[in-house]
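K.L.:
Sharing a model prediction with you, sequence too.
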Amino acid sequence: MLNDVLYLDYAATTPTDSRVVDAMLPYFTTKFGNPASRTHDYGNEAKEAVKNAREQIADLIGAKQPEEVIFTSGATEAINLAIKGIYENYQDKGNHIITTKTEHKAVLDTCAYLEKQGAKITYLPVDQDGLINLNELEASITPETVLISVIYVNNETGVVQPIKDIAAIAAKHDVFFMTDATQALGKVPIDVNIDGIDLLTCSAHKIYGPNGVGALYVKSKFPRIKVAPQIHGGGHENGFRSGTLNTPAIVGFGQAAAIAKQVLTEESSRLAALRESIKEKLSSFPNCVFHAEKVPKAPHVISFYFKGLDAEAMIIQLREKLALSNGSACTSKEVLPSHVIMAMNHDEDIAYCTLRLSIGRFTPNDAAEKIYQAFDVALKEMANFV
């Protein structure tokens, strides 16, 4: 039974908070208007709900103007819109984009597509802790560089990149700075103005909101940042993204953002303490190694491995007790070594052994003991087959 399995894959997706569901429900039934319909109250009511959600999300990321938030179908669409949109609109300046080898596949695949269209992409390496070298970043900038895109919190390891320092380098060279903040949103404090972020992408389903809705933040400044739309047909979202808005999901995203803002400090502290308890339990097992121990990390992700034990085999052994993963849910159908762990360690054996355990709002405080017991049984069982 699923109820007997402890969910430890919050980095993949989160359960929708009941308060979010309650906020959404009326917009499926009695408040069903199209926010683009301005000739009657049904439409105006929906329009106001979308406006309120935009304000709630802007508040969570420190955006000065709610209109800087553009709604999309998720972080993947937001990433495509940002990277392709900047590339298309600034080809008169150049065709060079800088990113990292440990980005989410949504960034890497988009950059790979643009390479086929003539873009020049620099993929920065990372050290063993998953951090980029700032000197190497600055040295990679050329007169043709139009965008630097660096993930805020890595989705597989929880490693936090030095966002302010990266943004300062980008600004110094008059280059746009974008960050995929999908794993950072609601987990670490974000202020796009203090951090110096020009474009930011995020998704509702990582912060206890619904699937199928995300956002792109585009900073308002003079001259205005121009992002070429990727979906045409009506000029919605101030011309950035056409299509009838998913009002119920947007309302849910806004509610999830408001809750995340309210509980961020307390929730992050609880998760950090729980993470340390889990790590303490896991470290009692022989040959347990944690990734990126000496650098800043988000509080909800633990990346580790047992030397010589295949992660897929371990997951199968644990499946009746624990739900966890061996990397990003977006690539879990492929039995390939994690590109993130490979970039950090250059060792397929480590990559194939690495597990990702991620906790969240509804992870019980006594989870560490249940995790320990499950691994204890699984490791003993696997020892019989080694």
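P.N.:
Thanks, I have the structure now.
K.L.:
residue contacts, the residue most central in space within the chain?
P.N.:
By Cα atoms, centre = their mean, the chain has its centre lying nearest to Thr182, at 2.1 Å. When contacts are counted by Cβ atoms under 8 Å, 6 or more residues apart in numbering, Thr182 touches 75, 104, 155, 201-203, 206, 214. (Each C-beta comes from the backbone N, C-alpha and C, glycine too.)
K.L.:
Now do the contacts for His346.
P.N.:
His346 neighbours (Cβ under 8 Å, 6+ apart): none.
K.L.:
What distance do you get for it to Gln128?
P.N.:
Using Cβ to Cβ, to the nearest Å, His346 is found at 9 Å from Gln128.
K.L.:
need the strands for the stretch 201-350 of the chain, in chain order.
P.N.:
214-218, 288-290, 301-306, 322-323 (DSSP state E, counting those that start in this stretch).
K.L.:
follow-up on the earlier one: most neighbours among the contacts of Thr182, please name it.
P.N.:
Neighbour counts for the contacts of Thr182 (other Cβ atoms under 10 Å) peak at Thr201, which has 32 neighbours.
K.L.:
Leaving out the residues flanking it, which one is nearest to that one?
P.N.:
Leaving aside its sequence neighbours, Thr201 sits nearest to Ala78 (Cβ to Cβ, 6 or more residues apart in numbering; 3.9 Å).
K.L.:
Counting by contacts, list what the strand or helix carrying that neighbour packs against.
P.N.:
Assigned by DSSP states H and E, Ala78 belongs to helix 75-89. Helix 75-89 is packed against strand 69-72, helix 105-116, strand 145-149, strand 176-180, strand 199-203, strand 214-218, with contacts defined by 3 or more Cβ pairs under 8 Å, 6 or more residues apart in numbering; DSSP states H and E.
K.L.:
now it against strand 145-149, angle please.
P.N.:
170 degrees (axes from the mean of the first three to the mean of the last three Cα atoms, to 10 degrees).
K.L.:
Can you show me the CA trace of the next helix or strand after helix 75-89 as CSV?
P.N.:
Moving toward the C-terminus from helix 75-89, the next helix or strand (DSSP H and E) is strand 96-100. Only the C-alpha atoms of strand 96-100 are listed here, as CSV (Å, rounded to 0.1, in the frame of the first residue of the first chain):
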residue,chain,number,x,y,z
HIS,A,96,27.0,33.2,-27.2
ILE,A,97,25.4,31.7,-24.1
ILE,A,98,27.2,30.5,-21.0
THR,A,99,25.7,27.8,-18.8
THR,A,100,27.0,24.9,-16.7
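K.L.:
mean confidence for strand 96-100?
P.N.:
Per-region confidence: strand 96-100 scores 98 on mean pLDDT.
K.L.:
Need the residues that contact that strand.
P.N.:
Strand 96-100 is contacted from outside by 83, 87, 107-108, 111, 114, 119-126, 132, 137, 140-142, 144-151, 175, using Cβ under 8 Å, 6+ apart.
K.L.:
What's the local residue count around Lys307?
P.N.:
When neighbours are defined as other Cβ under 10 Å, Lys307 has 11 of them.
K.L.:
can you pull the contacts of it?
P.N.:
Shown in contact with Lys307 (Cβ under 8 Å, 6+ apart): 287, 289, 353.
K.L.:
can you check Lys51 too?
P.N.:
By Cβ under 8 Å, 6+ apart, the contact set of Lys51 is Pro66.
K.L.:
That one sits in which helix or strand?
P.N.:
helix 41-61.
K.L.:
what is the orientation angle of that helix with strand 214-218?
P.N.:
Interaxial angle of helix 41-61 relative to strand 214-218 (the same axes, to 10 degrees): 70 degrees.
K.L.:
Quick one: distance of helix 41-61 to the chain centre.
P.N.:
From the chain centre to the centre of helix 41-61 is a distance of 23 Å (Cα atoms, centre = their mean, to the nearest Å).
K.L.:
Buried residues, stretch 11-26. List them.
P.N.:
Of the residues in stretch 11-26, 11-12, 14, 16-17, 20-21, 23-24 count as buried by neighbour count, 16 or more other Cβ atoms under 10 Å.
K.L.:
And the furthest pair within those?
P.N.:
Ala11 and Ala23 (24.2 Å; Cβ to Cβ).
K.L.:
Could you list the low-confidence segments of the chain?
P.N.:
For the chain, the stretches with pLDDT under 70 are 1-2, 327-335, 384-386.
K.L.:
Break it into its domains for me.
P.N.:
2-14+264-383, 18-258 (automatic domain parsing).
K.L.:
Of these, which stretch is the most buried?
P.N.:
Of all those, domain 18-258 carries the top mean neighbour count, a mean of 20, counting by mean count of other Cβ atoms under 10 Å.
K.L.:
Can you give me the distance of Ile98 to Glu144?
P.N.:
Noted for Ile98: a distance of 11 Å to Glu144, by Cβ to Cβ.
K.L.:
just to revisit the earlier point, quick one: which of the strands of the stretch 201-350 of the chain is nearest Gly360?
P.N.:
strand 301-306 (10.3 Å).
K.L.:
helices or strands up against that closest one?
P.N.:
helix 247-282, strand 288-290, helix 348-353, strand 354-358.
K.L.:
re the thing from before, CSV for the buried residues of stretch 11-26, including secondary structure?
P.N.:
Written out in CSV, the entries for the buried residues of stretch 11-26 read as follows (DSSP: H, G, I helix; E, B strand; the rest coil):
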residue, secondary structure
Ala11, coil
Ala12, coil
Thr14, coil
Thr16, coil
Asp17, coil
Val20, helix
Val21, helix
Ala23, helix
Met24, helix
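K.L.:
and which of these is nearest Leu336?
P.N.:
Ala12 (17.1 Å).
K.L.:
Pretty sure the closest one sits against Gly360.
P.N.:
No - between Ala12 and Gly360 there is no contact under Cβ atoms under 8 Å: 10.5 Å.
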